[in-house]
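> Sequence and predicted model, in that order:
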Amino acid sequence: MQSQQQVGIRGVLRVPASGTDITTVDTCATPGFEGDKHDGERALVGLAAEVSGLQERLFAQSRAGGPARAVLLIVQGMDTSGKGGIMRHVVGMVDPQGVSIRAFKAPTEEELEHDFLWRIRRAVPAPGLIGVFDRSHYEDVLIARVENLVPPQEWQGRYELINAFEAEVVASGTAVVKVMLHISREEQGARLAERLQRSDKHWKYNPYDVDSRRRWPDYMTAYSTALTRCSTDVAPWHVVPADRKWYARWAVASLLVEALREIDPQWPVADFDVEAEKARLAAS
């Protein structure tokens, strides 16, 4: 087994400048990784210490008055694509104190009184944190488009607003990591069937998911457009094949590690005389 980290997983999974047709992506592939499920699970465990250490340094640096840096991980995907697994197995690697997770469901009455980015702006992570959006503002150009929740002229104008918003977030010191977990319709069907067959998974099942499956081509078109229109130099999209859960988890963890390495947070320098404090402690 050989992980191809030297290439950089961001470069491997990034949506090209020319855009993407999501239907051409092999959802069973494991780009950037050579090995099987066992290798992938072992590699994920191997990333845990680094993710945790980098996050702690990020948190400490900000609390000590260092550079105001943060990370925003945006996770999108069709139902059953593995977003929950990313929360448990990847985001769960780090100290909960250094993470803020927001799952964006249907907007509340209060949120509907504002523009679609209002609730998103309020959830941007504070310095020192890894913020995670389980679904995000992209729902406003995905489900809003496919289900005709707003007029076409309204969702068509949102792509540039999203790009401008994300550019502001990056300029403020927050690295934006955007991930689309891409599963096949067949794999989604198998995962939904498992939820129906197991009583311990009935709570996860949503009858609406079957309605969404009937509009699969429309959702793939909506995703392709969003990934093409909103993959920018400062906030590129990454398409992660997700039929193999172990690979998707390794890939997202690797993307997070690369973003944190680039920030390169540093431990704060002590603002007291360390040797003097050692002597005081020994004498106490």
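Cool, got the structure. Numbering: from 1, shown residues only.
> Contact partners for the residue lying closest to residue 223 once chain neighbours are set aside?
What sits nearest to residue 223 in space, not counting adjacent residues and going by C-beta to C-beta, 6 or more residues apart in numbering, is residue 22, at 5.0 Å. (C-beta placed from N, C-alpha, C; glycine too.) Neighbouring residues of residue 22 by C-beta atoms under 8 Å, 6 or more residues apart in numbering: 180, 182, 220, 223-224, 227, 239.
> would you turn the residues you listed into CSV with neighbour count?
Shown next, in CSV, are the contacts of residue 22 (neighbours: other C-beta atoms under 10 Å):
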residue, neighbour count
180, 25
182, 25
220, 18
223, 25
224, 18
227, 23
239, 22
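> Identify those among the residues you listed that sit within strands.
180, 182, 239 (DSSP state E).
> What are the boundaries of the helices in the protein?
In the chain, the segments counted as helices under DSSP state H are 9-13, 37-63, 83-89, 109-112, 118-121, 143-146, 152-156, 158-171, 185-197, 208-213, 216-229, 245-263, 274-283.
> right, so these: which one is the most enclosed?
Stretch with highest mean neighbour count among the helices of the chain: helix 245-263 (a mean of 22; mean count of other C-beta atoms under 10 Å).
> Against which helices or strands is that one packed?
In terms of contacts (3 or more C-beta pairs under 8 Å, 6 or more residues apart in numbering; DSSP states H and E), helix 245-263 is packed against helix 9-13, strand 33-34, helix 37-63, strand 70-77, helix 83-89, strand 174-182, strand 237-241.
> Out of the ones you listed, flag the one nearest residue 259.
With C-beta to C-beta as the criterion, residue 259 lies closest to strand 174-182 of the helices and strands packed on helix 245-263, at 4.6 Å.
> rewinding a little: pick out the shakiest of the helices of the chain, pLDDT-wise.
Among the helices of the chain, helix 208-213 carries the lowest mean pLDDT, at a mean of 85.
> Tell me the one of the contacts of residue 22 nearest residue 271?
Nearest to residue 271 among the contacts of residue 22 is residue 180, at 43.3 Å by C-beta to C-beta.
> Wait, that closest one touches residue 74, no?
No - using C-beta atoms under 8 Å, residue 180 is not in contact with residue 74; the gap is 9.1 Å.
> returning to that earlier point: want to try TSV for the helices of the chain, with distance to residue 103 as columns?
Below are the helices of the chain laid out as TSV (distance: least, C-beta to C-beta, whole Å):
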stretch	distance to residue 103
helix 9-13	23
helix 37-63	20
helix 83-89	9
helix 109-112	14
helix 118-121	12
helix 143-146	14
helix 152-156	21
helix 158-171	19
helix 185-197	18
helix 208-213	16
helix 216-229	19
helix 245-263	16
helix 274-283	43
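> what about the ones you listed, which gets the closest to residue 69?
Across these, residue 69 has its closest neighbour in helix 245-263 (5.1 Å, C-beta to C-beta).
> any idea of the angle the closest one forms with helix 185-197?
Put simply, helix 245-263 runs at 110 degrees to helix 185-197, going by axes from the mean of the first three to the mean of the last three C-alpha atoms, to 10 degrees.
> Can you give me the neighbour number for residue 64?
The number of residues packed around residue 64, counting by other C-beta atoms under 10 Å, is 14.
> As TSV, the contacts of residue 22 with distance to residue 160 would be great.
Output for those, formatted as TSV (distance: C-beta to C-beta, whole Å):
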residue	distance to residue 160
180	20
182	24
220	22
223	18
224	17
227	15
239	22
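> if we take those, which one ends up nearest to residue 141?
Of the contacts of residue 22, the one sitting nearest to residue 141 (C-beta to C-beta) turns out to be residue 223, at 9.4 Å.
> rewinding a little: closest one of the contacts of residue 22 to residue 136?
residue 180 (10.9 Å).
> Perfect, that will be all.
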